[in-house]
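Novice: Okay, here's the prediction I keep looking at, along with the sequence it came from:
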Protein chains: 2
Amino acid sequence: MQLEFLGTGSGVPGKFRNVSSTALKLLDECNSVWLFDCGEGTQQQILRSNLKPRKINKIFITHLHGDHIFGLPGLLSSRSFQGGNTPVTIYGPKGIKDFVEISLGVSKTKLSYKIKYEEFSEAGVLFDNKLFKVVAETLDHQIKSFGYRVIEKDHQGELLVDKLKEAKIPSGPIYGKLKNGETVTLDDGRTVNGKDFIGQSQKGRVITIIGDTRSNPNSYKLSEDADVLVHESTFGKGESRLAHNYYHSTNMQAAKLAKKANVGKLLLTHISARYTGKMAKELQNQAKSIFNNTKVVKDFDVIDIPFDKKV
Amino acid sequence: MQLEFLGTGSGVPGKFRNVSSTALKLLDECNSVWLFDCGEGTQQQILRSNLKPRKINKIFITHLHGDHIFGLPGLLSSRSFQGGNTPVTIYGPKGIKDFVEISLGVSKTKLSYKIKYEEFSEAGVLFDNKLFKVVAETLDHQIKSFGYRVIEKDHQGELLVDKLKEAKIPSGPIYGKLKNGETVTLDDGRTVNGKDFIGQSQKGRVITIIGDTRSNPNSYKLSEDADVLVHESTFGKGESRLAHNYYHSTNMQAAKLAKKANVGKLLLTHISARYTGKMAKELQNQAKSIFNNTKVVKDFDVIDIPFDKKV
Ligand SMILES: [Zn+2]
Ligand SMILES: [Zn+2]
């Protein structure tokens, strides 16, 4: 599981930061990539990464501002052109379907795959399958904006093979049943409960991706105990009034949230072009004074989110 | 007058060629820039050029395929963000207004300037003012596609100051009148006709920009005696059948047109990503065998189109 940042700028593309898009790479988990927002030029950024558009099967839109959606028609078209033929689901605020459908319609684009739209206008669970659950919460932006909490399901404990051997339980198909927690009767007459031979289950990872927003209580709900929190940081220290007026956040507000919500790591993105190299570092240092494990990400940064097995 | 190529690729963006957009820089002529097509990422290309979005006041769309229009909403938004406040006119096939208006509407984008739409579905004169006349002709593509002929008005002859001095006509406000071709009575009683003191008028330049198309007769109409012909070249020598099937042209077809139409220079664009550096050169050499003054352009090429004063 990795996060790859395809666009870390704010509002308009700059020379060094493209407009918003973040990829959550779930190659080991389910051989897919999920995209969060898709500003103009996202497909060009993908060309410069090692991401394969055909692996993108879910796209989550935080809000409908142009710097978060104008790359969607192009990405969807190119995904088709490059041989993508499996469906894509687009989750986003009401309006995203109109935008995509009219763009593809006007341009007479025929896709080689189906798009499924999951539009919503309120908080809720977007889906819940064997591997992941994704929850959306409303934020506080000029227009409806959402944050996403991606919750990996707990990993089942491993079969304790050494313990089975100690108990002289012969290996074979029986191990599969025990691993599923079933109770099994052995040839020697013993009855064995699989649950006694399965290690502790391991908590899955939680990734929180917050769209454009003012500081607000729902961000805390989304972030609580997350392994990684991706948060916008359009403004810097001392600019909370500006941030409020423009419906955005400062680095300090994001850091306070990270601390209060007890997250593992804070990644700051949506950085204004006013903050060039050195100043972006300063944004990071300011935030670190509140929450030490903070990083201001830049385009093409890849952040690994390893699954830490506890023994 | 210069042409600056912002995207010279075909269909989808590649690492080295972005999707279609060509700027006609008319800074000396009328302090403006006209854009022909606006594929996704055009605004990012502009960032890497010395073009100023606020100087773009006319945008011509050849056809509605995504690689020619998906950059329009973003460019228009950023132009506003960067302080553009003068109107923009968009000329293009019916449908372009819906695409732009819905994109700006869904994203709640408020522009600081007005967009005027000039949609059309047939050949005709798009406008005709003191400096330029622009004519559109239908081409032969899978969907309605147009070519544009930009005709600069003839430059009025210069006032022949030496001849005036020889005739002992004293300088002063009278020179302005003579330059306008008026007849003037001098203090010494002589009557002087301005027309006798104005040099030969000079033919204006003609730039032809052809959208995606199969080889077709209207391209000739648009190109006749043009100073510069910009033509697509999606396919190469020996691929005219492929070109036909995909509603595109080969380099050889473009070169034959250039020769027949007696143009000054042929610029080949809309180059497939299959043609990398060396092979693009080969496309050029093949075309040169028919029409010598041919160039396969690449992104950020600037082609000067000087006004040749004839004495
Ligand atoms: Zn926003
Ligand atoms: Zn086309």
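Specialist: In hand now; what should we look at? These numbers were taken from a predicted model, which means no experiment stands behind them. Ligands and ions are numbered 1, 2, ... in the order given.
Novice: List the buried residues of the helix-or-strand element of chain A with minimal mean pLDDT.
Specialist: Lowest by mean pLDDT, DSSP states H and E among the helices and strands of chain A is helix A:174-179, with a mean of 88. For helix A:174-179, a neighbour-count test (16 or more other Cβ atoms under 10 Å in any protein chain shown) marks A:174-175, A:178-179 as buried. Glycine gets a C-beta too; all of them are placed from N, C-alpha and C.
Novice: residues touching A:Met284, list them.
Specialist: For residue A:284 the amino acid is Gln, not Met. Taking Cβ atoms under 8 Å, 6 or more residues apart in numbering or on different chains, we find A:Gln284 in contact with A:251, A:268, A:294-296.
Novice: Only whichever of those residues are buried, select them in ChimeraX.
Specialist: Restricted to buried positions by 16+ other Cβ under 10 Å, the ChimeraX selection for those reads:
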select /A:251,268,294,296
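Novice: which one is A:Asn18 nearest to, not counting chain neighbours?
Specialist: A:Gly7 (3.8 Å; Cβ to Cβ, 6 or more residues apart in numbering or on different chains).
Novice: Would you check that that neighbour makes contact with A:Ala23?
Specialist: No: judged on Cβ atoms under 8 Å, A:Gly7 makes no contact with A:Ala23 at a distance of 10.1 Å.
Novice: more neighbours, these two?
Specialist: Between A:Gly7 and A:Ala23, A:Gly7 has the larger neighbour count (other Cβ atoms under 10 Å in any protein chain shown), namely 26 against 23.
Novice: Now the more buried one. Its backbone dihedrals?
Specialist: phi -160, psi 120 (degrees, to the nearest 10).
Novice: Spatially nearest residue to the residue in the stretch 51-200 of chain A that ligand 1 sits nearest to, not counting backbone neighbours?
Specialist: Closest residue of the stretch 51-200 of chain A to ligand 1, Cβ to the ion: A:His65 (3.6 Å). Distances taken as Cβ to Cβ, 6+ apart put B:Ser107 closest to A:His65, at 5.6 Å, once the chain neighbours are dropped.
Novice: Number of residues surrounding the one you found?
Specialist: Neighbours around B:Ser107, by other Cβ under 10 Å: 22.
Novice: hang on, isn't it packed against A:Ile61?
Specialist: No: contact criterion Cβ under 8 Å: B:Ser107 and A:Ile61 do not qualify, at 10.9 Å.
Novice: Go ahead and confirm A:Glu137 touches A:Leu126.
Specialist: No: A:Glu137 lies out of contact with A:Leu126 (Cβ under 8 Å); the separation is 10.9 Å.
Novice: Show the residue spans covered by the strands in the stretch 151-300 of chain A.
Specialist: For the stretch 151-300 of chain A, the strands defined by DSSP state E, counting those that start in this stretch occupy A:183-185, A:191-193, A:206-210, A:228-232, A:265-269, A:294-296.
Novice: could you dump these to CSV with mean pLDDT and distance to ligand 2?
Specialist: Listed next are these as CSV, based on pLDDT from 0 to 100; distance: least, Cβ to the ion, whole Å:
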stretch, mean pLDDT, distance to ligand 2
strand A:183-185, 90, 64
strand A:191-193, 91, 66
strand A:206-210, 97, 36
strand A:228-232, 98, 37
strand A:265-269, 98, 35
strand A:294-296, 97, 40
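Novice: For burial, what's the neighbour tally of the residue of the stretch 201-311 of chain A found nearest ligand 2?
Specialist: Per Cβ to the ion, A:Asp299 is where the stretch 201-311 of chain A lies closest to ligand 2, at 29.6 Å. A:Asp299 has 19 neighbouring residues, counting by other Cβ under 10 Å.
Novice: coming back round to it: I'd like to know which of the buried residues of helix A:174-179 is nearest to A:Cys38.
Specialist: A:Lys179 (40.2 Å; Cβ to Cβ).
Novice: OK, contacts around that closest one?
Specialist: A:159, A:194, A:198.
Novice: returning to what we had before: higher neighbour count, A:Glu137 and A:Leu126?
Specialist: Neighbour count, other Cβ under 10 Å: between A:Glu137 and A:Leu126, A:Glu137 has more, with 23 against 19.
Novice: my read is the more buried one is in a strand, agree?
Specialist: Yes: A:Glu137: assigned to a strand according to DSSP: H, G, I helix; E, B strand; the rest coil.
Novice: what residues are up against it?
Specialist: A:123, A:146-147, A:149, A:218-219, A:221-222.
Novice: With adjacent residues omitted, what lies nearest to A:Asn262?
Specialist: Closest to A:Asn262 by Cβ to Cβ, 6+ apart is A:Asp225, at 5.4 Å.
Novice: What is the burial count for that neighbour?
Specialist: Residues lying near A:Asp225 (other Cβ under 10 Å) number 11.
Novice: What of A:Leu159?
Specialist: When neighbours are counted by other Cβ under 10 Å, A:Leu159 comes out with 17.
Novice: Likewise for the one 5 residues further on?
Specialist: Burial of A:Leu164, expressed as a neighbour count using other Cβ under 10 Å, amounts to 19.
Novice: In terms of residue numbering, what are the domains of chain A?
Specialist: A:2-155+A:202-304, A:161-197 (automatic domain parsing).
Novice: Quick check: neighbours shared by B:Ser107 and A:Ile61?
Specialist: Here B:Ser107 and A:Ile61 share the contacting residues A:Ile69, scored by Cβ under 8 Å, 6+ apart.
Novice: ok, and which of the contacts of A:Lys179 reach ligand 2?
Specialist: Among the contacts of A:Lys179, proximity to ligand 2 is found for none (Cβ under 5 Å from the ion).
Novice: Save those residues as TSV, and put in pLDDT too.
Specialist: Below are the contacts of A:Lys179 laid out as TSV (pLDDT from 0 to 100):
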residue	pLDDT
A:Leu159	88
A:Gly194	88
A:Ile198	90
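Novice: In TSV, list the residues you listed along with distance to B:Pro93.
Specialist: TSV is the format used below for the contacts of A:Lys179 (distance: Cβ to Cβ, whole Å):
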residue	distance to B:Pro93
A:Leu159	64
A:Gly194	67
A:Ile198	65
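Novice: any idea which of these is closest to ligand 2?
Specialist: Once Cβ to the ion is applied, the member of these that ends up nearest ligand 2 is A:Leu159, at 57.5 Å.
Novice: ok, what's across the strand from that closest one?
Specialist: Beta-bridge partners for A:Leu159, by DSSP bridges, are A:Ile198.
Novice: Could you report the distance from it to A:Phe70?
Specialist: 50 Å (Cβ to Cβ, to the nearest Å).
Novice: again, but for A:Ala273
Specialist: Plainly put, A:Ala273 is 17 Å away from A:Phe70 if you go by Cβ to Cβ.
Novice: Between these two, which has more neighbouring residues?
Specialist: The neighbour comparison of A:Ala273 against A:Phe70 (other Cβ under 10 Å) goes to A:Phe70, with 29 against 14.
Novice: and the more buried one, what is it in contact with?
Specialist: A:Phe70 neighbours (Cβ under 8 Å, 6+ apart): A:19, A:39-40, B:40, B:70, B:73-74, B:77, B:103, B:107.
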